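Engineer: just a sequence and a predicted model for now, questions to come.
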Amino acid sequence: MKKNIAIIMGGYSSEYEISLKSGNVVFETLNPSKYNAYRIHVFKDKWVYVDTSNKEFPIDKNDFSVTVNQSKISFDCVFNAIHGSPGEDGFMQAYFKLLNIPQTSCGMYQASLTFNKRDCLSVLKPYGIKTAESFYVNLGDTINEDAIIKKVGLPCFVKANKAGSSFGITKVYKKDDLQQAIEVAFKEDDEIIIESFLDGTEVSVGVITYKGTTKVLPITEIVSNNDFFDYKAKYLGESQEITPARLSKEQENKVNKVAKQVYEVLKMKGFSRSEYIFKDGEPHLLEVNTVPGLTRQSILPQQAACAGISLSELFDNAIEEALK
């Protein structure tokens, strides 16, 4: 019997447009002989099932069901394609856990932890995971520019702590520009992380649970045409993403080992994509994404293809793992 799969997409953050693209790719790719796929748009003002003629049917949030032509549809599994809140920060994971509906991403705690860059890095540091030097600022704090520069140096990166896809990130070269960068980050979040600039090769490493085991996918090297891997570089084609990355065997082994360790220390499941920069030959972790982009141009699907895993296999495996 075919399984009913709800593909959740959209979300409450600046990333909703990318999420809709990811969700539609999943919808178009899932095997119709195996699954009944339903596109579910999750927005602050509405949760709706959108049929193929773009007609909307409201979701009953009490049990996450939908009624179409007086027939109630419940779901066997949820495929999570929401980047940012509430799909990547633990809210949807907690909701589906309470309803006892399997879903394809990691658990509530892991989602919440990895979405908070500061907390995630703090948890991983005792395991020997190397990171950039950092300084934390919360909304309302007195900004001591000299103390920040003394700790992290220049240039540095000012980032929103809980925001994905390079929203609210500025690379700062001089003290005079620090205040403006902090204001940009505060538009996305009330917490900021300011990090030292690591000058080295940047790579992205996909790690997934594949057929019951942790699998590290081929590494992608990020060569941004811009000053860093910002939103335009990530989504508007202003970067080169080279898979497999041009690394030495030693570098490759090091970053594979670290990425697998991060996945397992955090007790992750489902998809993950972590970003690293090599400094002095060692990979330094920048962040962990638990609902990475799933469009055909996105990094994780490129890596899967390089490993001989088709999009259809990738998505099918995610559902099979969730249903276990």
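Structural biologist: On my side now, so go ahead. Numbers count the residues shown, from 1 in each chain.

Engineer: and D45, how many neighbours does it have?
Structural biologist: For D45, the count of nearby residues is 5 (other C-beta atoms under 10 Å). No exception for glycine: its C-beta is placed from N, CA and C like everyone else's.

Engineer: hmm, I was thinking of G212
Structural biologist: G212 has 10 nearby residues by other C-beta under 10 Å.

Engineer: just the pLDDT for it.
Structural biologist: For G212, the model assigns a pLDDT of 96.

Engineer: what about it, distance to E321?
Structural biologist: For G212, the distance to E321 equals 8 Å [C-beta to C-beta, to the nearest Å].

Engineer: also E145?
Structural biologist: Separation of E145 from E321 (C-beta to C-beta): 47 Å.

Engineer: ok, now V50?
Structural biologist: 26 Å.

Engineer: part of a strand, is L124?
Structural biologist: No - membership of L124 in a strand is not supported by DSSP: H, G, I helix; E, B strand; the rest coil, which gives helix.

Engineer: contact partners for it?
Structural biologist: 131, 262, 265-266, 285 (C-beta atoms under 8 Å, 6 or more residues apart in numbering).

Engineer: whichever of the residues you listed end up buried, select them in PyMOL.
Structural biologist: In PyMOL, this line selects whichever of the contacts of L124 come out buried by 16 or more other C-beta atoms under 10 Å:
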select buried, resi 131+262+266+285
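
Engineer: helices - which of the contacts of L124 land there?
Structural biologist: 262, 265 (DSSP state H).

Engineer: redo the contacts of L124 as a markdown table? Include distance to N161.
Structural biologist: What follows is the contacts of L124, written out as a markdown table (distance: C-beta to C-beta, whole Å):
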| residue | distance to N161 |
| --- | --- |
| T131 | 14 |
| V262 | 18 |
| V265 | 20 |
| L266 | 17 |
| L285 | 15 |
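
Engineer: right, and out of the contacts of L124, which lies closest to V291?
Structural biologist: L266 (14.6 Å; C-beta to C-beta).

Engineer: can you pull the contacts of that closest one?
Structural biologist: 106, 110, 113-114, 120, 123-124, 288.
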